[in-house]
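Peer 1: here's my sequence, what's the structure:
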Amino acid sequence: AEDGIRDLVRSRGLGDVYKRQVDHGTFAIDHGVKRWGETVDVSPHAGHQYSNKAPGSSMLAVPGYLALKAATAVVAGRPPTLAEAFWICRLTTGVLPSLLFLLLLARYLARVLPGPTAAGPRRATLAIYALGSMALTYSVLFISHQLAAVCAGTAWLCAAEVIDDPRRSARWMLAAGFAAGAAPLCDYQGLFALVPVAVWASIGLWRARRGPAPFVWAALGAAAPIALLLVYHDVCFGSPLTTGYAASQHFAMYHQRGFLGMDELRLTALVGSTVSGDNGLIVLCPALLLALPGWWVLIRRGRRDLAALSAAVAAVYLLFISSIVFWRGGWQMGPRYITAMLPFLVPAIAIAIEAVRARSALRAVALGLGGVGIAIYAGSVIGFPHFPEKFHNPVWEVTARLWRGGLAGPNLGRALGLPMVASLIVYAALIAAVWLPVLLAGRGEGERDGGDRDGAGDAARAPTGWRAPRAWLGAGAALAFTVAILLA
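Peer 2: Residues are numbered from 1 along each chain as shown. Down below sits the predicted model:
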């Protein structure tokens, strides 16, 4: 109980940033610290207290908070409650940007994997990323990891538009540059994805003979968010190059070791961040393993550039999380510091699923792995989207225990007056409504091709799609594989 109260106080103290910007025109959170107490997430400087986090998400929350403040004043004659303010912050800095990014990602996947036979694998991959990975957790919390992932991913996808389509205006690179600059503005480690992206984009633009214009537009786009970050550092911490972590009394000792806290590779950190039962990336989202064969398929199909970019981003973040002193970032659902890596694995995962769509057993395994992530992440977010460090198997010790007790956090069903258990049932039905059609999608448009031509008439009359017995058998196999992994 004390841990839960402490976490709530921490969130409230940090949540004061956007309110102070709006109500008092300052980045200082002295009022919040006085009310909720000082925590490790606060950095003192020049007699004031500031958040040690990158400021992008709190800045993006300001327009939504202003709208909410005006609405509650008109409708209820009062300022927003803390719950209302946090809800609008989560919506505007997490949910909406993630939904828009999914549309952009779906557009790109349709170009990498065109045709109706690839529609099922594309939908499956998007569902796995959106509902079965850290993208879900940090899109519904007022925590900036997913917002930084959206920014880094948007920079990549906008640059891809210019590289892949010679008709696309170089001005698209203005958006790519702005998104790239916004990534570290929202979360400092978002910067690490941009190094491979910059190398990949430079090579791609050079091969496409696009000239210097895309680089100029990208630089112009990146200038504003980078300048904003540097000004924020100068105003709050006395120097454009002094981050909130460096100014923190609690974290300065770590940042003084090596480069920004990265001093040596640690096997413990790598294992704990990837395959550990309490927080491992692969344990909680095993579908990410599909990126390994996906890279090989991309290379075989002539997309060495995409395979290299995806693998490079993964390598950079795995090296980062393995070398940073404070790699175990408190309560989390997976190694949250590398959330920005995940969008870059999506094409490799999609092409791996597409490559086995006609092989029933392998398809069941691939979708079964995706189902594990959806069960864990979607199942946990509705209850308590944080795994305390003291639990060795939090999926069963926290998430399953909450479900057995019929306990849920605040959600739309409860807001509409449903009992807690009923809200859980409705939520589970909504998740199933997204995932079950993916499992029943079959092997694609061409699954009836081949075979005995004399049976063509029978094949034409046979049920197809979700009505086909084979589709239900495949879905059952995938679900059985999911359950087996969860029980193991």
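
Peer 1: hey, where'd the helices end up in the stretch 1-150 of the chain?
Peer 2: 2-24, 30-36, 56-75, 82-90, 96-112, 119-131, 134-140, 145-164 (DSSP state H, counting those that start in this stretch).

Peer 1: JSON lines for the ones you listed, including distance to Arg404?
Peer 2: Using the backbone N, CA and C atoms, a C-beta is placed for each residue, glycine as well. Shown next, in JSON lines, are those (distance: least, Cβ to Cβ, whole Å):
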{"stretch": "helix 2-24", "distance to Arg404": "19"}
{"stretch": "helix 30-36", "distance to Arg404": "32"}
{"stretch": "helix 56-75", "distance to Arg404": "34"}
{"stretch": "helix 82-90", "distance to Arg404": "26"}
{"stretch": "helix 96-112", "distance to Arg404": "30"}
{"stretch": "helix 119-131", "distance to Arg404": "22"}
{"stretch": "helix 134-140", "distance to Arg404": "21"}
{"stretch": "helix 145-164", "distance to Arg404": "29"}
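
Peer 1: what sits against Ile299?
Peer 2: Ala307 (Cβ atoms under 8 Å, 6 or more residues apart in numbering).

Peer 1: only the buried residues of the helix or strand where it lies, if you could.
Peer 2: Element membership for Ile299, per DSSP states H and E: helix 291-300. Residues of helix 291-300 classed as buried: 291, 293-295, 297-298 (neighbour count, 16 or more other Cβ atoms under 10 Å).

Peer 1: output the below-cut-off pLDDT ranges for this structure.
Peer 2: 1-24, 251-252, 255-256, 258, 442-467 (pLDDT under 70).

Peer 1: from Gly120, how far off is the residue nearest to the spatial centre of it?
Peer 2: Ranked by distance to the mean C-alpha position of the chain (Cα atoms, centre = their mean), the top residue is Ala135 at 2.4 Å. According to Cβ to Cβ, to the nearest Å, Ala135 and Gly120 sit 20 Å apart.

Peer 1: do the same with Leu126
Peer 2: When Cβ to Cβ is the yardstick, Leu126 and Gly120 sit 11 Å from each other.

Peer 1: same check on Val483?
Peer 2: Using Cβ to Cβ, Val483 is found at 22 Å from Gly120.

Peer 1: settle it for me: which of those two has more neighbours?
Peer 2: Using other Cβ atoms under 10 Å, the more surrounded residue of Val483 and Gly120 is Gly120, with 23 against 14.

Peer 1: output the contacting helices and strands for the longest helix along the chain.
Peer 2: Ranked by number of residues, the top helix in the chain under DSSP state H is helix 213-237. The contact analysis (3 or more Cβ pairs under 8 Å, 6 or more residues apart in numbering; DSSP states H and E) places helix 213-237 against strand 42-45, helix 56-75, helix 145-164, helix 172-186, helix 191-207, helix 244-247.

Peer 1: so what's the gap between the last one and the chain middle?
Peer 2: So the one you mean is helix 244-247. 25 Å (Cα atoms, centre = their mean, to the nearest Å).

Peer 1: contact partners of that helix?
Peer 2: With Cβ under 8 Å, 6+ apart, helix 244-247 has contacts from 43-45, 50-54, 188, 236-237, 251-252, 254-255, 260-261.

Peer 1: show the buried residues in those.
Peer 2: 43-45, 50-54, 188, 236-237, 251, 254-255, 260-261.

Peer 1: tell me which of those residues is nearest to Gly368?
Peer 2: Nearest to Gly368, judged by Cβ to Cβ, of the buried ones among the contacts of helix 244-247 is Tyr188 at 35.9 Å.

Peer 1: contacting residues for the closest residue to the closest one other than its chain neighbours?
Peer 2: Closest residue to Tyr188 apart from its sequence neighbours, by Cβ to Cβ, 6 or more residues apart in numbering: Ala54 at 5.2 Å. Taking Cβ under 8 Å, 6+ apart as the criterion, Ala54 is in contact with 144, 148, 184-188, 229, 243-244.

Peer 1: relative to Gly405, which of the residues you listed is nearest.
Peer 2: For the contacts of Ala54, the minimum distance to Gly405 (Cβ to Cβ) is 31.3 Å, reached by Ser144.

Peer 1: for the closest residue to the closest one other than its chain neighbours, grab the count of nearby residues.
Peer 2: Ranked by Cβ to Cβ, 6+ apart and with sequence neighbours excluded, the top spatial neighbour of Ser144 is Ser57, at 3.9 Å. By the criterion of other Cβ under 10 Å, Ser57 has 26 neighbours.

Peer 1: touching, Ser57 and Gln146? I think so.
Peer 2: No - with contact defined as Cβ atoms under 8 Å, Ser57 does not count as touching Gln146 (9.5 Å).

Peer 1: assumed His392 was part of a helix.
Peer 2: No - using DSSP: H, G, I helix; E, B strand; the rest coil, the secondary structure at His392 is coil, not a helix.

Peer 1: what backbone torsions are found at the closest residue to it other than its chain neighbours?
Peer 2: Nearest non-adjacent residue to His392, counting by Cβ to Cβ, 6+ apart: Asp278, 5.4 Å away. With angles defined as degrees, to the nearest 10, Asp278 sits at phi -90, psi -20.

Peer 1: look up how far Met134 lies from Asp278.
Peer 2: Counting by Cβ to Cβ, the gap from Asp278 to Met134 is 15 Å.

Peer 1: the two: which is more packed in?
Peer 2: Legend: neighbour count by other Cβ under 10 Å for Asp278 and Met134, higher for Met134 (26 against 18).

Peer 1: who touches the more buried one in this structure?
Peer 2: Residues in contact with Met134 (Cβ under 8 Å, 6+ apart) are 145-146, 285, 333-334, 336, 339, 342, 377.

Peer 1: just Tyr232 next, same as before
Peer 2: By Cβ under 8 Å, 6+ apart, Tyr232 lies in contact with 27, 55.

Peer 1: got the phi/psi numbers for Glu389?
Peer 2: Phi and psi for Glu389, reported as degrees, to the nearest 10, are phi -70, psi -20.

Peer 1: what is the neighbour count of it?
Peer 2: When neighbours are counted by other Cβ under 10 Å, Glu389 registers 15.

Peer 1: cool, and Ala475?
Peer 2: Neighbours of Ala475 under the rule other Cβ under 10 Å: 22.

Peer 1: ok, and the closest non-adjacent residue to it?
Peer 2: According to Cβ to Cβ, 6+ apart, the nearest residue to Ala475 is Leu439 (3.7 Å).
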